[in-house]
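Q: Give me the fold of what follows.
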Amino acid sequence: MQQQYKETKDMLVQERETAKKAAEVAPVIKEVPVIDTELMNKLRDENDKLKVRPEHRIHHFLVLLSSVIFSP
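A: Residues are numbered from 1 along each chain as shown. Reported below is the predicted structural model:
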């Protein structure tokens, strides 16, 4: 039992050291300012279109519900 404990502990220490080394080597990701404002505007507009106000959601739900209830 003590042998298993020691082996597990040694493996965890080794894994921790490996993780530290990997973190030191990992590339640094830098933020870059957005230059393509046209694309950003298109994405913002599309995002705004996808946002639906709560009262519109209720209306869409009721229309969908009535089409299901009254469909032949």
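Q: Mind naming the longest helix for this protein?
A: helix 2-25 (DSSP state H).
Q: how long is stretch 23-41 end to end?
A: 36 Å (Cα to Cα, to the nearest Å).
Q: That one: how far from the chain's middle?
A: 17 Å (Cα atoms, centre = their mean, to the nearest Å).
Q: Could you do stretch 63-72 as well?
A: For stretch 63-72, the distance to the chain centre is 35 Å (Cα atoms, centre = their mean).
Q: re earlier: tell me the helix or strand right after the longest helix of the chain.
A: Scanning forward in sequence from helix 2-25 by DSSP states H and E, the next helix or strand is helix 37-50.
Q: Name the next helix or strand downstream of that following helix, please.
A: helix 54-69.
Q: avg pLDDT for that next one?
A: Average pLDDT, helix 54-69: 74.
Q: can I get the CA coordinates of it in CSV?
A: Below are the C-alpha coordinates for helix 54-69, written out as CSV (Å, rounded to 0.1, in the frame of the first residue of the first chain):
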residue,chain,number,x,y,z
PRO,A,54,-39.1,39.6,-25.2
GLU,A,55,-42.5,40.9,-26.5
HIS,A,56,-41.5,39.7,-30.0
ARG,A,57,-40.6,36.3,-28.6
ILE,A,58,-44.0,36.0,-27.0
HIS,A,59,-45.7,37.0,-30.3
HIS,A,60,-43.7,34.5,-32.3
PHE,A,61,-44.6,31.8,-29.7
LEU,A,62,-48.3,32.6,-29.9
VAL,A,63,-48.3,32.5,-33.7
LEU,A,64,-46.5,29.2,-33.7
LEU,A,65,-48.8,27.8,-31.1
SER,A,66,-51.9,28.9,-33.0
SER,A,67,-50.6,27.4,-36.2
VAL,A,68,-50.1,24.1,-34.4
ILE,A,69,-53.5,24.1,-32.6
